[in-house]
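Colleague: Sequence first, then the predicted structure, then my questions.
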Amino acid sequence: MSETARLEYGGKSYTLPVVHGTENETAVDISNLRAESGLITLDDGYGNTGSCLSAITYIDGDKGILRYRGYAIEELAEQCSFAECAHLVMFGELPNRGQLDEFRRLLRVHSFIHEDMRHHFEGFPPNAPPMAILSAMINAVGCFQPEVTVVDDDANFLEAAARVMSKVRTIAAYSYKKSRGEPVIYPRADLRYTANFLHMMFSKPYEPFEPDNDIVRALDQIWVLHADHEQNCSTSTVRMVGSSQANLFASVAAGVCALWGPLHGGANQAVIEMLTQIQASGEPVSKFIERVKSKDSKSLLMGFGHRVYRNFDPRAKIIKASCDKVLAKLGIHDPLLDIAKQLEEAALRDEYFISRKLYPNVDFYSGIIMRAIGIPLNMFTVMFAIGRVPGWIANWREVRLNPKARIYRPRQIYVGPTAREYVPISRR
Ligand code: ACO
């Protein structure tokens, strides 16, 4: 017999089904609660609400486990390219050689954006935030692809996914060029996804940029680590928008807007700003830590802590190792890395951080790598967005493939004024 939970209220008892995930996560299914009892559940901020069944990503925050489709993030980060990982996340299985080649071909042929789109870039002021450009342009590009706004079978979907992934990367590089007043650089047919991005970012018409393999690999790995992270703010947004049957471009554009906020995708930039401030002020690390702990200044140790990971963030370990490698390869000595390491060491010894289970998260070292590669600070959240696109697409697809899916429509408990009579303006 299946397991149930019981809720007692108003002298009545209600039996609620208990649902188990494949990793033994447990939930009480309240979908029929309102119909049976008139009650809804209240969970401001959704911290305790399972909004869907999902087969994409599994996280155990206490044990520091992150898996895409069952595969450990450590193995994927070590062995998988971003394209391979994206295919896994979006379609559920690691691609075989033929599937990967076909996906790469699609990424290549869809890397161009319509020539008319270049005029759209002219309309933004030079200091426009790249995340604003990215979300607007994803929707605009969608207007040039009317045939993929309907995604009715797997072949169509593969095509649409490749278009969105490939064009998001091109738009990101174009917005960087626009912000510098430089001509845009067309993608190259001989380069793969990540190398092509670096080429579009850093080549100039009179000076081609040849991406270094180790640097390409480091960025590819950062994107693998960001490919999905279950029901975070932007992914839930994409699912929400997709549930209204909005097209893939519109739904991903909404995800970009959600990611833009400093509490979500903006943290990698905030880490570098914090480290730069410490460096500029000459404040000793120990004093900064004391200031954070005192809470007077409202300063946080940016890049530390995570809503879900309460032991360690598995992505942070991988990024830290990569950071050392990239800086050594480029022969860069970044004083910000020294400060970051001192901060980490001091925090991990400190009772304040230990008792609150605060550890470095993925953002603590990723910014130092991007800085070393030459990615400007205001593009950091865009880099996160490029990495997260496969997860958004996978979640959008899951909503679309669910035969029972209905438009997402949470309820609320109203706490405003009760019914009152309209007062004419002359009497107010
Ligand atoms: N520095 C100092 N103190 C912190 C930090 C921090 N980075 N993070 C949490 N705390 C403290 C809180 O002040 C609180 O202290 P209290 O118990 O004395 O009140 C306690 O730790 C618990 O913190 P919460 O805010 O309840 O933790 P929550 O799970 O809500 O927040 C979050 C998680 C938003 C990530 C938080 O740790 C934070 O702001 N970190 C810095 C920003 C950051 O790095 N964000 C990136 C997250 S990863 C990502 O989005 C890819």
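Modeller: Arrived safely.
Colleague: Strands of the chain, residue ranges please.
Modeller: 4-9, 12-20, 26-28, 57-60, 65-68, 71-72 (DSSP state E).
Colleague: With mean pLDDT, distance to F124 and mean neighbour count added, can I get those strands in JSON lines?
Modeller: Where you see a C-beta, it was placed from the backbone N, CA and C, and this is true even at glycine. Below are those laid out as JSON lines (pLDDT from 0 to 100; distance: least, CB to CB, whole Å; neighbours: other CB atoms under 10 Å):
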{"stretch": "strand 4-9", "mean pLDDT": "97", "distance to F124": "53", "mean neighbour count": "12"}
{"stretch": "strand 12-20", "mean pLDDT": "97", "distance to F124": "46", "mean neighbour count": "13"}
{"stretch": "strand 26-28", "mean pLDDT": "97", "distance to F124": "44", "mean neighbour count": "14"}
{"stretch": "strand 57-60", "mean pLDDT": "97", "distance to F124": "34", "mean neighbour count": "20"}
{"stretch": "strand 65-68", "mean pLDDT": "97", "distance to F124": "34", "mean neighbour count": "21"}
{"stretch": "strand 71-72", "mean pLDDT": "98", "distance to F124": "39", "mean neighbour count": "16"}
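Colleague: mean confidence for the lengthiest helix in the chain?
Modeller: Secondary structure of the chain per DSSP state H: the longest helix is helix 154-180. Taken as a whole, helix 154-180 has a mean pLDDT of 92.
Colleague: From the contact counts, what lies against that helix?
Modeller: helix 82-91, helix 97-109, helix 117-122, helix 130-143, helix 193-202, helix 248-260, helix 380-401 (3 or more CB pairs under 8 Å, 6 or more residues apart in numbering; DSSP states H and E).
Colleague: Show me which residues of that helix are buried.
Modeller: Residues 157-179 are the ones in helix 154-180 that count as buried (16 or more other CB atoms under 10 Å).
Colleague: now the helices and strands packed on helix 154-180 in CSV, with distance to R239, mean neighbour count and mean pLDDT?
Modeller: Output for the helices and strands packed on helix 154-180, formatted as CSV (distance: least, CB to CB, whole Å; neighbours: other CB atoms under 10 Å; pLDDT from 0 to 100):
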stretch, distance to R239, mean neighbour count, mean pLDDT
helix 82-91, 14, 24, 98
helix 97-109, 23, 15, 97
helix 117-122, 27, 14, 85
helix 130-143, 17, 21, 92
helix 193-202, 25, 23, 97
helix 248-260, 8, 24, 96
helix 380-401, 5, 24, 96
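Colleague: Identify whichever of those lies nearest to the ligand.
Modeller: helix 380-401 (7.3 Å; CB to the nearest ligand atom).
Colleague: close to the ligand, is that closest one?
Modeller: No - residues of helix 380-401 contacting the ligand under CB under 6 Å from any ligand atom: none, with a closest distance of 7.3 Å.
Colleague: ditto for stretch 295-312
Modeller: Yes - applying CB under 6 Å from any ligand atom, one finds stretch 295-312 touching the ligand at L300, L301, M302, G303, F304, G305, H306, R307.
Colleague: Closest to the ligand out of those residues?
Modeller: G305 (2.3 Å).
Colleague: For that closest one, give me its contacts.
Modeller: Counting by CB atoms under 8 Å, 6 or more residues apart in numbering, G305 touches R356, L358, Y359, N361.
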